[in-house]
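**Student:** mind folding the following:
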Amino acid sequence: EVQLVESGGGLVQPGGSLRLSCAGSGFTFNNFAMTWVRQPPGKGLEWVSAINSGGDSTTYADSLKGRFTISRDNAKNTLYLQMNRLKPEDTAVYYCVKLKGPVRAADFDYWGQGTQVTVSS
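**Tutor:** Numbering: from 1, shown residues only. Next up is the predicted model:
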């Protein structure tokens, strides 16, 4: 059974940082690209970032470039999202998503349960 478990969310002040983690199990983690998607309160889903299976190719939503960094540790079956200089508009539930193939353009497959990030003073 594929499982994706996010952690690391919480309340942070504007300008602060958080690192989200997503532990994958039930599949060969290093064979699949992964992505982060978020849903702000009362709004639709927003794609955040993606990384290929090997971890050497990444892409970001234009509005997040320079503040967010996606990475993965295939030895630990874990995906990360480092978020810096956080803004109130980054408040959202963040989801880790497994893709159906090794490349960043693959279709979405399995979703984690999400972790809440709240940016507020």
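**Student:** what about residue 23, which helix or strand?
**Tutor:** Element membership for residue 23 (DSSP states H and E) is strand 18-25.
**Student:** direction included, what does that strand pair against?
**Tutor:** Partner strands for strand 18-25, per DSSP bridges, with pairing direction: strand 3-7 (antiparallel), strand 78-83 (antiparallel).
**Student:** compare those strands and give me the one nearest residue 20.
**Tutor:** Nearest to residue 20, of all the strands paired with strand 18-25, is strand 78-83, at 4.3 Å by CB to CB. Heads up, the C-betas are built off the backbone N, CA and C, glycines and all.
**Student:** please export the C-alpha coordinates of that closest one as CSV.
**Tutor:** Backbone C-alpha positions of strand 78-83 (Å, rounded to 0.1, in the frame of the first residue of the first chain) are rendered in CSV as follows:
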residue,chain,number,x,y,z
THR,A,78,11.8,11.2,2.0
LEU,A,79,10.8,14.3,0.1
TYR,A,80,11.4,17.8,1.5
LEU,A,81,10.3,21.4,0.9
GLN,A,82,12.3,24.1,2.5
MET,A,83,10.3,27.3,2.7
